[in-house]
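K.L.:
how does the following fold in three dimensions:
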Amino acid sequence: MQIVVVDSSQVVLRVIGSLLEARGHTVHEFTESDEALEFLSSAPEVRVLITSLEVRPMNGLELCWAVRLLAEDRRPLHIITMSSANSVHNLAEALDSGADDFIEKPPRAEELHARLRAAERLTKLQEELIRLAETDGLTGLLNRRAFRERTDSVIAKIAHGRTPSLIVVDIDHFKKINDVHGHDIGDQAICAVADLFQEVGIVGRLGGEEFGILLPERDLESAVFHAEGLRVRVRALRVACGDGTIGLTCSFGVTTWAAGDTIPAFLKRADVAVYAAKAAGRNRVMVETRPDSLALSKTRFGSDQHR
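P.N.:
Numbering: from 1, shown residues only. Model prediction:
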């Protein structure tokens, strides 16, 4: 596991670090609590924080609070506090401040490793629960809520001058596929399309036969080019059905982030473009760029129509 250890003493850090490294753990050592917090903020792979209560500039309890806020952002992270003053009061304060465990300093090797084995079991369970909460059960893509949350996060961190783009995709005539061939074939069609979309960007199943693809580093022209490539690839798909196969097409709506934009408006524009693509005959890419989404752009791309 990746483990962060915080203590004001280099000697204590070396003792604990040696114990952990001997068991194959990767250890990151800090004497300053603010530096440890900064590292944890940018290192989501860390699974355990071991911190002394006697650290500066934030004390161990304050560090626990700050790190617990990171862990609440759908991140498995186990916090172990330690103190040379092993008292019920210290234990209660640590647990109330967001710690998961408390250990005496310096820790005994056998006890430390036992507590880390417990931490590993718990963080693996948390990882699985997070995966289940975020994943669409049929396709393995992000579900609608997770896609929206990931979009919020990406947009919040986007560098100035960058223009992320969004593609919303809807499988054409999907109800007919279910009605004529059955829901099992419909599920196969959804999975076949989903498999094509996982190569670039952040991809989610928004519901039914609808998908979202967020392209953080692509402007509108690049996003349209990507959507058109996907449209052609979907058109070439064949889904096994009885003794034969069935073909598929999708309608694509594309938009890009605008100054003063909001996430709901961003998603709405892509939806409006998809509906327009459907109305125009399906199996095509259409673009919506107006922030108010009141009037649809007439821009239309590739449509070897499949009626």
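K.L.:
verify the stated contact: His71 with Cys64.
P.N.:
I think there's a mix-up here, since residue 71 is Ala and not His. No: counting by C-beta atoms under 8 Å, Ala71 stays clear of Cys64, with 10.1 Å between them. C-beta here means a position set from N, CA and C on the backbone, and glycine is covered the same way.
K.L.:
who's more crowded, the two?
P.N.:
Cys64 (26 against 18; other C-beta atoms under 10 Å).
K.L.:
how much space between the more buried one and Leu116?
P.N.:
18 Å (C-beta to C-beta, to the nearest Å).
K.L.:
quick revisit: name the residues contacting each of Ala71 and Cys64.
P.N.:
Here Ala71 and Cys64 have 79, 98 as joint contacts, going by C-beta atoms under 8 Å, 6 or more residues apart in numbering.
K.L.:
give me the domain ranges for this structure.
P.N.:
The chain resolves into domains spanning 2-134, 144-301 when parsed by automatic domain parsing.
K.L.:
where among those domains is the average confidence lowest?
P.N.:
For those, the weakest mean pLDDT is recorded on domain 144-301, namely a mean of 90.
K.L.:
the helix ranked longest in the chain: which residues count as buried?
P.N.:
Looking across the chain with DSSP state H, the single longest helix is helix 109-134. By 16 or more other C-beta atoms under 10 Å, the buried positions in helix 109-134 come out as 112-113, 115-116, 119, 122-123, 126, 134.
K.L.:
enumerate every residue touching Phe211.
P.N.:
141, 168-170, 193-194, 197, 203-205.
K.L.:
buried set for the host helix or strand of Asp271?
P.N.:
Per DSSP states H and E, Asp271 falls inside helix 263-279. The neighbour-count check on helix 263-279 (16+ other C-beta under 10 Å) flags 265-278 as buried.
K.L.:
quick one: these as JSON lines, columns for distance to Ser52 too.
P.N.:
Converted to JSON lines, the buried residues of helix 263-279 look like this (distance: C-beta to C-beta, whole Å):
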{"residue": "Ala265", "distance to Ser52": "48"}
{"residue": "Phe266", "distance to Ser52": "45"}
{"residue": "Leu267", "distance to Ser52": "46"}
{"residue": "Lys268", "distance to Ser52": "50"}
{"residue": "Arg269", "distance to Ser52": "51"}
{"residue": "Ala270", "distance to Ser52": "50"}
{"residue": "Asp271", "distance to Ser52": "52"}
{"residue": "Val272", "distance to Ser52": "55"}
{"residue": "Ala273", "distance to Ser52": "55"}
{"residue": "Val274", "distance to Ser52": "55"}
{"residue": "Tyr275", "distance to Ser52": "58"}
{"residue": "Ala276", "distance to Ser52": "60"}
{"residue": "Ala277", "distance to Ser52": "59"}
{"residue": "Lys278", "distance to Ser52": "61"}
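K.L.:
returning to that earlier point: show me what the longest helix of the chain is packed against.
P.N.:
Helices and strands touching helix 109-134, by 3 or more C-beta pairs under 8 Å, 6 or more residues apart in numbering; DSSP states H and E, are helix 10-21, strand 46-52, strand 78-83, strand 101-104, helix 144-157.
K.L.:
quick one: stretch 230-238 to chain centroid distance?
P.N.:
27 Å (C-alpha atoms, centre = their mean, to the nearest Å).
K.L.:
for the buried residues of helix 109-134, give me JSON lines that also has distance to Ile185.
P.N.:
As requested, the buried residues of helix 109-134 are exported to JSON lines (distance: C-beta to C-beta, whole Å):
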{"residue": "Leu112", "distance to Ile185": "55"}
{"residue": "His113", "distance to Ile185": "52"}
{"residue": "Arg115", "distance to Ile185": "51"}
{"residue": "Leu116", "distance to Ile185": "48"}
{"residue": "Ala119", "distance to Ile185": "45"}
{"residue": "Leu122", "distance to Ile185": "41"}
{"residue": "Thr123", "distance to Ile185": "40"}
{"residue": "Gln126", "distance to Ile185": "37"}
{"residue": "Glu134", "distance to Ile185": "27"}
